[in-house]
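In: got a predicted structure here, sequence first:
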Amino acid sequence: MTCADLVVAGLEELVTSSGPTPRTGPAMREIGLLEKAWIAGRNGKIVFVGREKDFRKEVELTDRAVIIDGAGLVGLPGLVDCHTHLPFAGNRAREFSLRLQGYTYQQLSAMGLGIQTTVQATRAAGREELKQLCRKRLQTMLLNGTTTVEAKSGYGLNLEDEIKQLEVVRELAGEQPVSLVPTFMGAHEVPPEYKAERKAYIKLLINKIMPEVKRRNLAEFFDIFCEPTVFNLEETRELAEAALKLGFKLKVHSDEFVPIGGTELAVELGARSAEHLINITESGIEKLTGSRTAAVLLPGVSFFLMMDKRAPARELLERGAIVALATDFNPGSSHLLSMLLVLQLGVFTLRLTVEEAINACTVNAAYAIDRHQRCGSLEPGKDFDLILCDLPSYLSLAYELGRNPVKTVIKGGRVVVEDSCPVF
Ligand code: NIG
Ligand code: FE
């Protein structure tokens, strides 16, 4: 007999997303759906997923076991947000209003607004202030069903402030329920004080900041914004190779605006993911096809920047790329925290099916941050990260717009959201 300390009984539907990970091609439409399902866990890990009959045969309860009634609810794996710029201060509402008057994101950046504005605000923010901002954001994410979040630095752009951002992420990882995966993104932009000597900034990153972040073990991934106006292909290669040598895993922001070979380079260097891909070319798609590099698509960006162009999600899927979705939460190009909204944008703007969008927000998102052994699907041995939604069926995750259906969130076997309110 297996022993359980937490059980959710009689869910109308349970989306397990169990099966091969990462998922590609036709397997993207398989979500491991169970009806009238029971799921149980012990000490934070899942021990049983199945029907009541088998539960009665195989599982016994500990003395203090908690049983949650799943009647009328749809369960699914805690959502994984595999690309965010979580730790920043300030906001760019003024810039947003200028965009509504006709300026483009890139024009604003050339005028000294854009990322630079957020760099100023983030450098000026105290550690506690920054932490409090992030704490609130993480709570919103959790209330919307996100239980694992990747968080990038990249608004400090000097040793002290990059470390400040990453330390805030580390401290928060121990203080609130959402799991955090830290990424060092000192190569997000060239800071204003180095604009005239960009080579010196690249040297500073490679010789000083990167090794210090590594020495303090503050980040698992290294990420670069590969764009002709930010870091060109040659600079991206130099930075990426240095990061790999130090033992960072690699991510690349590529083909967001102008394709210069960033996706191809990401695959060549064995990056875990290439992200954005709005303007990916045939050669980029070709390289991703059959590779182990995930295509992380961020539909919030095309939407928020009101671009006509979107990442070619259907083609990527049909050619066999590993497609994941994420918010890209940041103050300039995607100011949104909800993975449920991303799932819906995946369906409505990228033409994914609901099943494909679910897998892109769960198993494949977990793969994109190397957490697929722990989360992203509901199977014995994995973390007990489960969300319960007040919906008639999983299809309504996309069909019902503008309402947060998340009622309960279980993170690591602990109920952290109950009746849509935080209880941690
Ligand atoms: O992923 N592309 C680069 N970085 C962010 C935007 C950051 C900002 O505008 O502050 C992104 O879109
Ligand atoms: Fe980004």
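Out: Cool, got the structure. All values reported here derive from a predicted model rather than from experimental measurement. Ligands and ions are numbered 1, 2, ... in the order given.
In: and stretch 169-183, what's buried?
Out: Across stretch 169-183, burial judged by 16 or more other Cβ atoms under 10 Å covers 169-170, 172-173, 176-183. All C-beta spots, glycine's among them, are computed from the backbone N, C-alpha and C.
In: can you show me the helices along the stretch 301-424 of the chain?
Out: Assigned by DSSP state H, counting those that start in this stretch, the stretch 301-424 of the chain shows helices spanning 313-318, 339-348, 354-361, 363-368, 396-399.
In: residue 161: neighbour count?
Out: 21 (other Cβ atoms under 10 Å).
In: burial count for the residue of the stretch 1-150 of the chain found nearest ligand 1?
Out: Proximity of the stretch 1-150 of the chain to ligand 1 (Cβ to the nearest ligand atom) peaks at residue 115, 4.4 Å away. When neighbours are defined as other Cβ under 10 Å, residue 115 has 25 of them.
In: what residues are up against it?
Out: 109, 155, 188-189, 332 (Cβ atoms under 8 Å, 6 or more residues apart in numbering).
In: in the lowest-mean-pLDDT helix or strand in the chain, which residues are buried?
Out: Within the chain, confidence by mean pLDDT, DSSP states H and E is lowest for helix 105-110 among all helices and strands, at a mean of 90. The neighbour-count check on helix 105-110 (16+ other Cβ under 10 Å) flags 105, 108-109 as buried.
In: now distance to ligand 1 too, for the residues you listed, in JSON lines please.
Out: Converted to JSON lines, these look like this (distance: Cβ to the nearest ligand atom, whole Å):
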{"residue": "105", "distance to ligand 1": "7"}
{"residue": "108", "distance to ligand 1": "9"}
{"residue": "109", "distance to ligand 1": "8"}
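In: quick revisit: single out the most deeply packed of the helices of the stretch 301-424 of the chain.
Out: Compared across these, helix 363-368 shows the largest average neighbour count, a mean of 30 (mean count of other Cβ atoms under 10 Å).
In: which residues are contacting it?
Out: Contacts of helix 363-368 (Cβ under 8 Å, 6+ apart): 17, 19, 21-23, 77, 79-83, 148, 150, 272-273, 294, 296, 322-326, 372, 374-377.
In: let's go with 7 Å and repeat that
Out: Applying Cβ atoms under 7 Å, 6 or more residues apart in numbering, the external contacts of helix 363-368 come out as 17, 21-23, 80, 82, 272-273, 294, 296, 322-326, 372, 375-377.
In: what's the mean pLDDT across the helix or strand that residue 118 is a member of?
Out: Using DSSP states H and E, residue 118 sits within helix 115-124. For helix 115-124, the mean per-residue pLDDT is 96.
In: same check, this time on stretch 293-306
Out: For stretch 293-306, the mean confidence score works out to 98.
In: ok, the closest residue in space to residue 48 that isn't next to it in sequence to residue 76 distance?
Out: Nearest residue to residue 48 in three dimensions, chain neighbours excluded: residue 40, at 4.2 Å (Cβ to Cβ, 6 or more residues apart in numbering). Note on residue 40: its distance to residue 76, by Cβ to Cβ, to the nearest Å, is 16 Å.
In: just residue 120 next, same as before
Out: 40 Å.
In: residue 145 too?
Out: Taking Cβ to Cβ, one finds residue 145 at 8 Å from residue 76.
In: with residue 128 instead?
Out: For residue 128 relative to residue 76 (Cβ to Cβ), the value is 35 Å.
In: pick out whichever of those two has more residues nearby.
Out: residue 76 (28 against 9).
In: can you tell me the strand partners of the helix or strand containing that one and which way each runs?
Out: Remark: residue 76 resides in strand 74-77, with elements defined by DSSP H and E. If you go by DSSP bridges, strand 74-77 pairs up with strand 2-15 (parallel), strand 386-389 (antiparallel).
In: about what we covered before: who does the next helix or strand after the helix holding residue 118 touch, helix- and strand-wise?
Out: As assigned by DSSP H and E, the chain's next helix or strand after helix 115-124 is helix 127-143. Judged by 3 or more Cβ pairs under 7 Å, 6 or more residues apart in numbering; DSSP states H and E, helix 127-143 is in contact with helix 159-173, strand 414-418, strand 421-422.
In: apply 6 Å and report the result again.
Out: Packed against helix 127-143, as judged by 3 or more Cβ pairs under 6 Å, 6 or more residues apart in numbering; DSSP states H and E, are the following elements: helix 159-173.
In: is the helix it packs on in proximity to ligand 1?
Out: No. Interface with ligand 1: helix 159-173 contributes nothing (Cβ under 6 Å from any ligand atom), its closest point being 13.1 Å away.
In: just checking, what packs against the following helix or strand past that helix?
Out: Going down the chain from helix 159-173, the next helix or strand is strand 179-187, by DSSP H and E. Using 3+ Cβ pairs under 6 Å, 6+ apart, the elements in contact with strand 179-187 are strand 146-152, helix 159-173, strand 221-225.
In: going by neighbour count, list what's buried in the next helix-or-strand element following strand 179-187.
Out: Later in the chain than strand 179-187, the nearest helix or strand by DSSP H and E is helix 198-204. Of all the residues in helix 198-204, those buried under the rule 16+ other Cβ under 10 Å are 201-202, 204.
In: what does stretch 235-246 give?
Out: Buried, per 16+ other Cβ under 10 Å, within stretch 235-246: 235-240, 242-243.
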